[in-house]
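[1] Attaching a predicted model along with its sequence, questions to come.
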Amino acid sequence: MSRRDEARVQSAAFAERGVRQAIAYETWFRRAQAGETMPLSEAVARVNDGATSAVFVAADGSPFGIGEDEHVQMLINGPPNVGKTSLVHSLLCEKILAAALRSVRIAQSRGIGLDVVPLDLEILALDPKEDAQLLKARIAALYRRASDDIRRVLRGAFARQEAIGEETSIRPITRRWPGVSVEIQADVQASTIAQTDPSDWSEGMRHMLYQTLRLIIYRGDPADELHITRLLRDETYRRSLLIAGVPPELAYYFAHLKDHVAPQTVVALIRRLQKLFSFRHVRAMLGLAPADAAVAGGKPRRVTIVDVGVRTALPPSVRIAQANTVITELGLTAGNRDRSVWLVAFIEEALWLLSKDSALLARFIDQIRVMRSARVACWIALQRLESLPASTVEELLENAGAVVSFRSGGALVDALFRHLHIAPSDLRRDADRRVAFQREMESLPPQEVVVWRKSAPAVRARVRTAPGLDGVPEAELVQQFNEELAPGTTMSLDEAERRIAAWRERNLPPEPKALGPSGSFPNAPSADEIFGTEDEP
């Protein structure tokens, strides 16, 4: 068959499929207009279409779940202590085990080793509360119960970002974001630091921090306290950093820093950074050079747990800044990621994080629109939608492929009511049914939810209990997770400080014994002499 004939056949098949879909939609619309309803079993079947995680139990006792044939954007709403964390942990654990099972089958079919087969799914779990350690414990408990083949696949498939005890994560702030310009990255990071710091920042200080981050990111240097202090105070050292690869206007800015930045602004920025680096974990996390923080090779680590909760050793402002940076990096790098692998990003307490910074909220709403095309599914858990602007709530509901609502009210009740599954025996007026549904949603007991996936009715269900710890102490399971499932993704504070000291020894010249009034070496050549601009006006 010629290519023209093949195209004609495909075109006819496409047209026929379109007609069938139009007829099916028209039939559904007429049924909806006539007030017809479907049996609960059919409603559950629609939600349960495709391979599923059976984390819900319907009113008739049948288990079901959100379809796993495509990873939908999901909005999880409800007050504290109703079961949101239990639900998400169940979903994540089932996804991890299902991905591991698929990897086992792939390895067996291809005759390759299980130790080199990565998961075919990425997961990013961001927790600003104190449940990240519990999630690690639950994963470790499942790991203990799994078969030897699944355990071999899971071993080394996890990464952790945290600052707990005598260890800290090893992803430095100056690590380049793939596919993102240095200017955007530096601007986001400088704004995040300034906006989350309880102290006031002038626009001049924020701009100088932005330019400083630009320079050290271009160079691949660490955000080391001594390095930055010397950069801002020592003109000779500053000029030595302006090498090839640094944009000319950036080099000009630092070559003439003393001419257009007031000395008190430099001093104020240094003091802010000194306060930030006074925390040992922050000093270790930010001060590592990207080359010193590289994770050991091997198969990709596809599951990352970011713990910025209260158990960490970081101050609140740094925890919020870290969470904001992770969320922003997720959105900005989505378009350049490997789209052959789905990424599920779970953001716990999203309202608490996003409401801290209006700029972050605006960026996130803009980015969530395009994440779907990049095969990134965001699961957003929050307590009260009403605390967000109405336009933001509308955007979240519009982009959500599924909604799981625990006890709630307001705009979410209105959205769910329009898609509520109505039993044939329910003969009440629509207004009476609306009032009754709102009262029901406001008084749902823990673990009870209304589940709505777009294109399917909203049904009431109960959340299954999350995987238990089998009587093993949580601390023991967390230790097993850290040592067997996520080894090498954090570094001890002592090791980090040794690497920082070694970098300083290799790259920082000796401290000048005497500095001139302007903070430079006596009789040192001027910036105009170095750049050949001494004759310019």
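    Structure's in. What do you need?
[2] could you list every residue that touches the residue nearest to residue 231 when sequence neighbours are not counted?
    Among residues not flanking residue 231 along the chain, residue 238 sits closest, at 5.5 Å (C-beta to C-beta, 6 or more residues apart in numbering). Quick note: C-beta positions are derived from backbone N, CA and C, even for glycine. Contact analysis of residue 238 by C-beta atoms under 8 Å, 6 or more residues apart in numbering lists 230, 231, 232, 254, 255, 257.
[3] Recalculate using a threshold of 7 Å.
    Residues near residue 238 by C-beta atoms under 7 Å, 6 or more residues apart in numbering: 231, 254, 257.
[4] Tell me the confidence at the last one?
    The one in question is residue 257. pLDDT recorded at residue 257 is 93.
[5] What sits closest to it if chain neighbours are left out?
    Distances taken as C-beta to C-beta, 6+ apart put residue 238 closest to residue 257, at 6.8 Å, once the chain neighbours are dropped.
[6] So the one you found belongs to a strand, correct?
    No - per DSSP: H, G, I helix; E, B strand; the rest coil, residue 238 lies outside any strand segment and is helix.
[7] Check for me that residue 363 belongs to a helix.
    Yes - under three-state DSSP, residue 363 sits within a helix.
[8] isn't it right up against residue 328?
    Yes - the criterion here is C-beta atoms under 7 Å, and residue 363 meets it with residue 328 at 6.0 Å.
[9] which of these two has more neighbours?
    A direct count of neighbours by other C-beta atoms under 10 Å for residue 363 and residue 328 places residue 328 higher, at 24 against 18.
[10] Return the residues in contact with the more buried one.
    Residue 328 sits next to 188, 360, 363 when contact means C-beta under 7 Å, 6+ apart.
[11] Now render the residues you listed as CSV, adding distance to residue 123 and pLDDT.
    As requested, those are exported to CSV (distance: C-beta to C-beta, whole Å; pLDDT from 0 to 100):
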residue, distance to residue 123, pLDDT
188, 23, 91
360, 22, 76
363, 22, 80
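[12] and which of the residues you listed is nearest residue 383?
    Minimum distance to residue 383 across the contacts of residue 328 is 17.8 Å, recorded for residue 360 (C-beta to C-beta).
[13] Outside of the helix or strand harbouring the closest one itself, list whatever touches it.
    Secondary structure assignment for residue 360, by DSSP states H and E: helix 358-371. Helix 358-371 is contacted by residues 191, 324, 327-328, 331, 334-335, 354-355, 378, 392, 395, 399 when judged by C-beta under 7 Å, 6+ apart.
[14] Return the set of buried residues in it.
    Of the residues in helix 358-371, those buried by neighbour count under the rule 16 or more other C-beta atoms under 10 Å are 360, 361, 363, 364, 365, 367, 368, 371.
[15] From those residues, pick the one nearest residue 179.
    Distances from residue 179 to the buried residues of helix 358-371, taken by C-beta to C-beta, are shortest for residue 367, at 13.3 Å.
[16] So for the closest one, what's the pLDDT?
    pLDDT, the model's per-residue confidence, is 83 for residue 367.
[17] How about the one 3 residues further on?
    According to the model's per-residue confidence, residue 370 sits at a pLDDT of 79.
[18] for the one 5 residues further on, same thing?
    With respect to pLDDT, residue 375 scores 87.
[19] With distance to residue 500 as extra columns, can I get the contacts of residue 328 in JSON lines?
    Listed next are the contacts of residue 328 as JSON lines, based on distance: C-beta to C-beta, whole Å:
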{"residue": "188", "distance to residue 500": "24"}
{"residue": "360", "distance to residue 500": "29"}
{"residue": "363", "distance to residue 500": "31"}
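[20] Tell me the one of those nearest residue 312?
    Among the contacts of residue 328, residue 360 lies closest to residue 312 (C-beta to C-beta), at 19.9 Å.
[21] State the distance from the closest one to residue 381.
    Between residue 360 and residue 381 the distance is 17 Å, computed by C-beta to C-beta, to the nearest Å.
[22] Residue 403 too?
    From residue 403 to residue 381 the distance is 12 Å (C-beta to C-beta).
[23] out of those two, which sits in the busier spot?
    Counted by other C-beta under 10 Å, residue 403 and residue 381 do not tie: residue 403 has more neighbours, with 25 against 22.
[24] Assumed that one was part of a strand.
    Yes - Residue 403: assigned to a strand according to three-state DSSP.
[25] hang on, it packs against residue 75?
    Yes - the criterion here is C-beta under 7 Å, and residue 403 meets it with residue 75 at 4.9 Å.
[26] Report how many residues lie close to residue 303.
    Neighbours of residue 303 (other C-beta under 10 Å): 23.
[27] show me the contacts for it.
    Residue 303 neighbours (C-beta under 7 Å, 6+ apart): 96, 123, 157, 158.
[28] can you pull out the helices in the stretch 1-150 of the chain?
    Remark: helices assigned in the stretch 1-150 of the chain by DSSP state H, counting those that start in this stretch are 3-33, 40-47, 84-110, 132-145, 148-154.
[29] I'd like to know which elements the last one is packed against.
    Pointing back at helix 148-154 there. Judged by 3 or more C-beta pairs under 7 Å, 6 or more residues apart in numbering; DSSP states H and E, helix 148-154 is in contact with helix 84-110.
[30] Pull the distance from the helix it packs on to the chain's centre.
    19 Å (C-alpha atoms, centre = their mean, to the nearest Å).
[31] That one to helix 132-145, inter-axis angle?
    Interaxial angle of helix 84-110 relative to helix 132-145 (axes from the mean of the first three to the mean of the last three C-alpha atoms, to 10 degrees): 40 degrees.
[32] quick one: contacts for residue 327?
    Applying C-beta under 7 Å, 6+ apart to residue 327 gives the contacts 347, 353, 360, 364.
[33] what two of these are the furthest from one another?
    347 and 360 (11.5 Å).
[34] Closest to the mean position in this structure, which residue would that be?
    Central residue of the chain (C-alpha atoms, centre = their mean): residue 327, 4.4 Å from the mean position.
[35] Which strand or helix spans that one?
    Element membership for residue 327 (DSSP H and E) is helix 316-333.
[36] List the buried residues in that helix.
    317-333.
[37] What of stretch 160-177?
    160-164, 167-175, 177.
[38] Does residue 123 touch residue 91 like I think?
    No - the pair residue 123 / residue 91 is not scored as a contact, 10.0 Å apart, by C-beta under 7 Å.
[39] wait, what's in contact with the residue nearest to residue 462 when sequence neighbours are not counted?
    Leaving aside its sequence neighbours, residue 462 sits nearest to residue 57 (C-beta to C-beta, 6+ apart; 4.6 Å). Residue 57 is in contact with 63, 461, 462, 464, counting by C-beta under 7 Å, 6+ apart.
[40] just the contacts of helix 358-371 now: which is nearest residue 80?
    Top of the list for closeness to residue 80, among the contacts of helix 358-371 and by C-beta to C-beta, is residue 355 at 16.1 Å.
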